[in-house]
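Asker: From the sequence below, what's the structure:
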Amino acid sequence: MAHKDKLLAECKEKLIEAKSDILNRLVEIKRNFILNSEDKGGDEADQTQRILMEKQNLSNHQRLIEMLVDIEHALRKIDAGSFGICEETEEPIEEARLLSLPWTRLSIEGAELREAKQNLFRNHV
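Answerer: Model prediction:
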């Protein structure tokens with residue numbers, strides 16, 4: 001097996017494992033949300049605590065959905081043969097970065113360039 005094929009196989013395996021983990025975590029968040037929404041009792045402090053927990057669960061849910069979208073995108077790129085190319089620089093993404101974050105869309109240089117552009121935009125708004 002060529003080195004690139006081995007890298008792709010390893011990244012694909014990590015992506016599938018991460019996808020499975022995220023789907024399980026989303027089910028758990030939904031289960032907790034249903035359980036917490038059934039409990040309407042308690043004093044004001046209990047209700048405030050429940051609202052804060054719901055807000056945290058929704059935030060976690062959104063973060064996990066965004067990560068799931070990135071994972072699906074990476075899996076499609078593997079199938080299309082375009083996996084591992086930075087969306088900012090169009091150069092190969094570092095192998096260590098892909099093994100660590102196989103759903104990444106940017107090389108280190110690409111991430112730095114994108115952050116610099118975002119900071120520039122923020123400073124001019």
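
Asker: what's near enough to touch the spatially most central residue of the chain?
Answerer: The residue lying closest to the centre of the chain (CA atoms, centre = their mean) is residue 67, at 1.9 Å. By CB atoms under 8 Å, 6 or more residues apart in numbering, the residues touching residue 67 are 18, 22, 103. From N, CA and C alone the C-beta is placed, and that goes for glycine too.

Asker: and it, what helix or strand is that in?
Answerer: Element membership for residue 67, per DSSP states H and E: helix 44-80.

Asker: Average pLDDT for that helix, rounded please.
Answerer: Mean per-residue pLDDT for helix 44-80: 91.

Asker: swap in stretch 112-125?
Answerer: The average pLDDT within stretch 112-125 is 84.

Asker: quick one: residue 29 from residue 63, how far?
Answerer: 10 Å (CB to CB, to the nearest Å).

Asker: quick one on the thing from earlier: mind checking which of the contacts of residue 67 are in helices?
Answerer: 18, 22 (DSSP state H).

Asker: By neighbours, which of the contacts of residue 67 wins?
Answerer: Counting neighbours by other CB atoms under 10 Å, residue 103 leads the contacts of residue 67 with 20 neighbours.

Asker: That one - nearest residue in space that isn't next to it in sequence?
Answerer: Among residues not flanking residue 103 along the chain, residue 70 sits closest, at 4.1 Å (CB to CB, 6 or more residues apart in numbering).

Asker: Now do the one you found: how many residues are near it, please.
Answerer: 17.

Asker: residue contacts, it?
Answerer: Contacts of residue 70 (CB under 8 Å, 6+ apart): 103, 104, 105.

Asker: And for residue 88, the neighbour number?
Answerer: Neighbours of residue 88 using other CB under 10 Å come to 16.

Asker: same deal with residue 93?
Answerer: Residue 93: 23 neighbours (other CB under 10 Å).

Asker: now residue 50
Answerer: Burial of residue 50 is recorded as 16 neighbouring residues (other CB under 10 Å).
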